[in-house]
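Novice: The following block contains a protein sequence and its predicted model.
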Amino acid sequence: MRIAVPGSRAFDIQAALFDLDGTLVDSLPDFVVALRAMLAEMDLPSIDAAQAAPLLGKGVDHLVRAVLTRSVGDAQADALYPVARPIYWRHYLAANGRHGTVFPGVVNGLNALRAGGVTLAVVTNKPMAFAQPLLEAMALDGYFVRVCGGDTFARMKPDPLPLLAACEALGCAPARALMIGDSSNDSRAARAAGCPVVLMRYGYNHGVPVEDVDCDAVLDRLDDLIAADSTPRRHP
Ligand SMILES: O=C(O)COP(=O)(O)O
Ligand SMILES: [Mg+2]
């Protein structure tokens, strides 16, 4: 499918690889509920959404460690981490998909890409035990022929390995697989894999605006991607 990307060139793509948190699903409320429950159970000071958002996107282990470091400093975080991790997993499994929502434009965008014959896959740093139930809770699971989690391969994004492995599984050359993400984690992985990459403006970006990140384009909504040969239109 030839797609037009506002502010960039047209791309002839066969597959689209999607980041999950901050790109497809606004899962920040789930993370906040689970983190607050973990901190309360451990008698540690709480956290709010603005403090948690920049810590997302680098996998669950990074998140738990970063939240502990924020609360108690580096040395104590190391000691508390083995206790905190299973507590966080329990609370996140309970919160997963209960408070989050699908970002506006995502369903229309997925439908348009699928209708254009593009093969869709998820490449997230979220562990599979969280990623699959979240896609099901958001009724997005039917769109993707493959879901790759942060624990599917030996290394996660920003390493190119998950993107290269996903391309191989889909039988797609990296140059024809468009990565759609929300942070430098996604664009660095895409650049190293040789995939074109667009970033969503609304996601979780480790505190670095996506305009300042090396990528092919920045989008406000997924359905701003349009078939290159059709008249530009905004889906309802
Ligand atoms: O770190 C996470 O759990 C989220 O990862 P994602 O942004 O790659 O979906
Ligand atoms: Mg993300």
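Specialist: It's in. Numbering: from 1, shown residues only. Ligands and ions are numbered 1, 2, ... in the order given.

Novice: Every contact and neighbour count from this point should use C-alpha atoms.
Specialist: Noted.

Novice: got the contact list for the closest residue in space to residue 119 that isn't next to it in sequence?
Specialist: Nearest residue to residue 119 in three dimensions, chain neighbours excluded: residue 15, at 4.5 Å (C-alpha to C-alpha, 6 or more residues apart in numbering). Neighbour list for residue 15: 118-121, 170, 172, 176-178 [criterion: C-alpha atoms under 8 Å, 6 or more residues apart in numbering].

Novice: rerun at 6 Å
Specialist: Residues near residue 15 by C-alpha atoms under 6 Å, 6 or more residues apart in numbering: 118-120, 177.

Novice: Among the residues you listed, which one has the most neighbours?
Specialist: The most crowded member of the contacts of residue 15, judged by other C-alpha atoms under 10 Å, is residue 177 (30 neighbours).

Novice: ok, and the closest non-adjacent residue to that one?
Specialist: Using C-alpha to C-alpha, 6+ apart, the closest residue to residue 177 is residue 15 (4.6 Å).

Novice: Can you pull out the low-pLDDT segments for the protein?
Specialist: 227-236 (pLDDT under 70).

Novice: how about the lengthiest helix in it: buried residues?
Specialist: Counting by DSSP state H, the longest helix found in the chain is helix 74-95. Of the residues in helix 74-95, 77, 80-81, 84-85, 87-89, 91-93, 95 count as buried by neighbour count, 16 or more other C-alpha atoms under 10 Å.

Novice: Equivalent analysis for stretch 197-214, please.
Specialist: Quick answer for stretch 197-214 (16+ other C-alpha under 10 Å): 197-206, 210, 213.

Novice: repeat for stretch 38-51
Specialist: 38-39, 47.

Novice: Would you quantify the distance from the residue nearest to residue 177 to residue 132?
Specialist: Residue 15 sits at a distance of 20 Å from residue 132 (criterion: C-alpha to C-alpha, to the nearest Å).

Novice: who's in contact with the longest helix of the chain?
Specialist: Taking C-alpha under 6 Å, 6+ apart as the rule, helix 74-95 contacts 30, 34, 38, 68-69.

Novice: And the next helix or strand past it?
Specialist: Downstream of helix 74-95, the next assigned helix or strand under DSSP states H and E is strand 101-102.

Novice: close to ligand 1, is that following strand?
Specialist: No - against ligand 1, strand 101-102 shows no contacts by C-alpha under 6 Å from any ligand atom, the least distance being 12.9 Å.

Novice: Would you list the strands that that strand pairs with, along with their directions?
Specialist: Strand 101-102 has the following sheet partners, assigned by DSSP bridges: strand 25-26 (antiparallel).

Novice: what sits up against the strand it pairs with?
Specialist: 100-103.

Novice: what residues does this protein put near ligand 1?
Specialist: Residues of the chain lying near ligand 1 (C-alpha under 6 Å from any ligand atom): 19-22, 56-60, 124-126.

Novice: quick one: which of those residues is nearest residue 154?
Specialist: Distance to residue 154, by C-alpha to C-alpha, is smallest for residue 125 among the residues of the chain next to ligand 1, at 11.7 Å.

Novice: how many neighbours does the closest one have?
Specialist: 27.

Novice: Does it touch residue 149 like I think?
Specialist: Yes - Residue 125 is within contact range of residue 149, at 5.5 Å (criterion: C-alpha atoms under 6 Å).

Novice: Any chance of the backbone angles for residue 9?
Specialist: Note on residue 9: its backbone torsions stand at phi -90, psi 170 [degrees, to the nearest 10].

Novice: Measure how buried it is and give me the count.
Specialist: 12.
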